[in-house]
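Novice: A structural model of the following input is requested.
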Amino acid sequence: MSRPQLRTVLVCALFAWLWLAPADAAADRFRLTVSGSTFVDFEGDCRLVDERGFEVWARLAGAVPQSYAIFAEAVACEIRKADLSGTLTVRLERNGTVVARGSTRSSLGEVSVRSAGPWGPARATVKVVPIFPRHTLPPPSRQPGLPPLNPPIVPPLRGQSVPPLR
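Specialist: Numbers count the residues shown, from 1 in each chain. Here you go, the predicted model:
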């Protein structure tokens, strides 16, 4: 990696760190808390908008519980559960007040939380992701029936199969 490329990567990393700081910060505007069942892994993306309208995307990944301090005017996050079992709960707070909260128990489910911003009012949504794709069956055949593929294995019976009762 060349020196200018390395400088660009470091500046971008520093800029993202300033936008999405660890939860130890005392005067944060937003706090994103990801909690749930033990050992539930998650990943997600957060869209952060500052007071001038500039947007930054931040990528999150980890295991519950996690908490992030976010310095922005508006926040929209989509957090996806990376496990098939367990519960994932995502809560977005602004200055200690809950703005949006969502929870899912579905396999590979997704919880979206957002504050009021350019995308509209604050809200939380939960999306269920199907594990198996839906297969559509072909239309039924219009022919009355299909001929057998092979001749029968057992030869047809001749005569009386059950002896008469006496």
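
Novice: ok, which stretches of this protein are helices?
Specialist: For the chain, applying DSSP state H gives helices covering 3-19.

Novice: tell me where the model's unsure across it.
Specialist: Within the chain, the stretches with pLDDT under 70 are 1-28, 131-157, 159-161.

Novice: do a quick rundown of the strands in it.
Specialist: 20-22, 30-36, 41-49, 55-63, 66-70, 74-81, 88-94, 97-104, 110-114, 123-127 (DSSP state E).

Novice: tabulate these (JSON lines), appending mean neighbour count and distance to Arg158.
Specialist: From N, CA and C alone the C-beta is placed, and that goes for glycine too. Converted to JSON lines, these look like this (neighbours: other CB atoms under 10 Å; distance: least, CB to CB, whole Å):
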{"stretch": "strand 20-22", "mean neighbour count": "15", "distance to Arg158": "84"}
{"stretch": "strand 30-36", "mean neighbour count": "21", "distance to Arg158": "70"}
{"stretch": "strand 41-49", "mean neighbour count": "18", "distance to Arg158": "68"}
{"stretch": "strand 55-63", "mean neighbour count": "14", "distance to Arg158": "72"}
{"stretch": "strand 66-70", "mean neighbour count": "18", "distance to Arg158": "78"}
{"stretch": "strand 74-81", "mean neighbour count": "24", "distance to Arg158": "65"}
{"stretch": "strand 88-94", "mean neighbour count": "22", "distance to Arg158": "68"}
{"stretch": "strand 97-104", "mean neighbour count": "17", "distance to Arg158": "65"}
{"stretch": "strand 110-114", "mean neighbour count": "23", "distance to Arg158": "66"}
{"stretch": "strand 123-127", "mean neighbour count": "15", "distance to Arg158": "65"}
